[in-house]
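Undergrad: Have a look; sequence and predicted model below, questions after that.
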Amino acid sequence: MVVGPAAWNDLRGVHASARDLSPDFEAEAKRLHLEVVVAAWDRSEGRTKYVRAKKAAMKVALKTLTEELARYDPAFVRRIGFRRILICAGLSKDGSRAWGMAVPETGTLIYNTDAAQGGLSTVRHIIHHEIGHLFDLSSSTPGSADPPWMAANRKGWDYGDRASAWGAGKLDHHDLGLVNSYAAWHPEEDKAEIFGLMLTRSDAVILACANDPHLNEKVRLMDLRVRRIGSPPEGWPSWKRLK
């Protein structure tokens, strides 16, 4: 989910101290030059709401964040404008639960420790999905106004299926050109879903491309754009596999 800078103003926190973080996560954040912010208190008013993460949930979150962030090269992170992580729980916007959010204007990934309820695969996907938003909406790549991407959709189809907003992270090949139902909501979500799934279920994505020229074209565009930024994240499929 992408939110504007006003959401960052709603999310008050504090710079994380050593007691908030694991040594491994602290080292990984330092390697990538990321500022780490932990929600300092509950916020129940405003459009964006959250609560403080519990210690046990923080421990689980930090372990997975450390493992997944280790897949990124510092130069890639810098070039997409990824600068900050805010960790909280109970995250929602306008009454809708959110496992994570991205605030491109401030280079912020907001991570909800409640995502662990969906299992490890959900947590891994959410991390890369939100980074995918920062990648897509950075100055290096096109955002919503993206004619090549829009042209890859089948003729006559358009985004806007908000009712399908809970299919994130799945790979049900919802329709031609789409990895899942969540991707039908908005082009930004379509791109973030492909980015995330390329780092968590790349074999299935490539298999789906074999019989879907629309999805194949989107994956080709995504691959070109990722490589244009610099070294792809560890585990990103090779170009030969995408041909």
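TA: The structure has been received and is ready for your questions.

Undergrad: Show the model's pLDDT score for residue 138.
TA: Note for residue 138: predicted pLDDT of 82.

Undergrad: Assess the claim that it and residue 77 are in contact.
TA: No - using C-beta atoms under 8 Å, residue 138 makes no contact with residue 77, being 10.5 Å away. Any C-beta I mention is one placed from the backbone N, CA and C, and that applies to glycine too.

Undergrad: Residue 211 sits in which helix or strand?
TA: Counting by DSSP states H and E, no helix or strand carries residue 211.

Undergrad: Provide the count of other residues in contact range of it.
TA: Per other C-beta atoms under 10 Å, the neighbour tally for residue 211 reads 10.

Undergrad: mind showing which ranges of this protein have poor pLDDT?
TA: Residues of the chain meeting the criterion pLDDT under 70: 1-19, 41-46, 139-144, 161-174, 239-243.

Undergrad: Show me where it has its helices.
TA: 5-10, 23-31, 55-69, 74-79, 120-137, 147-151, 187-198, 202-209, 213-229, 239-242 (DSSP state H).

Undergrad: Let's have the ones you listed in JSON lines, adding distance to residue 86 and mean neighbour count.
TA: Below are the helices of the chain laid out as JSON lines (distance: least, C-beta to C-beta, whole Å; neighbours: other C-beta atoms under 10 Å):
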{"stretch": "helix 5-10", "distance to residue 86": "8", "mean neighbour count": "16"}
{"stretch": "helix 23-31", "distance to residue 86": "12", "mean neighbour count": "16"}
{"stretch": "helix 55-69", "distance to residue 86": "12", "mean neighbour count": "18"}
{"stretch": "helix 74-79", "distance to residue 86": "16", "mean neighbour count": "16"}
{"stretch": "helix 120-137", "distance to residue 86": "11", "mean neighbour count": "24"}
{"stretch": "helix 147-151", "distance to residue 86": "28", "mean neighbour count": "13"}
{"stretch": "helix 187-198", "distance to residue 86": "18", "mean neighbour count": "24"}
{"stretch": "helix 202-209", "distance to residue 86": "28", "mean neighbour count": "16"}
{"stretch": "helix 213-229", "distance to residue 86": "23", "mean neighbour count": "18"}
{"stretch": "helix 239-242", "distance to residue 86": "33", "mean neighbour count": "12"}
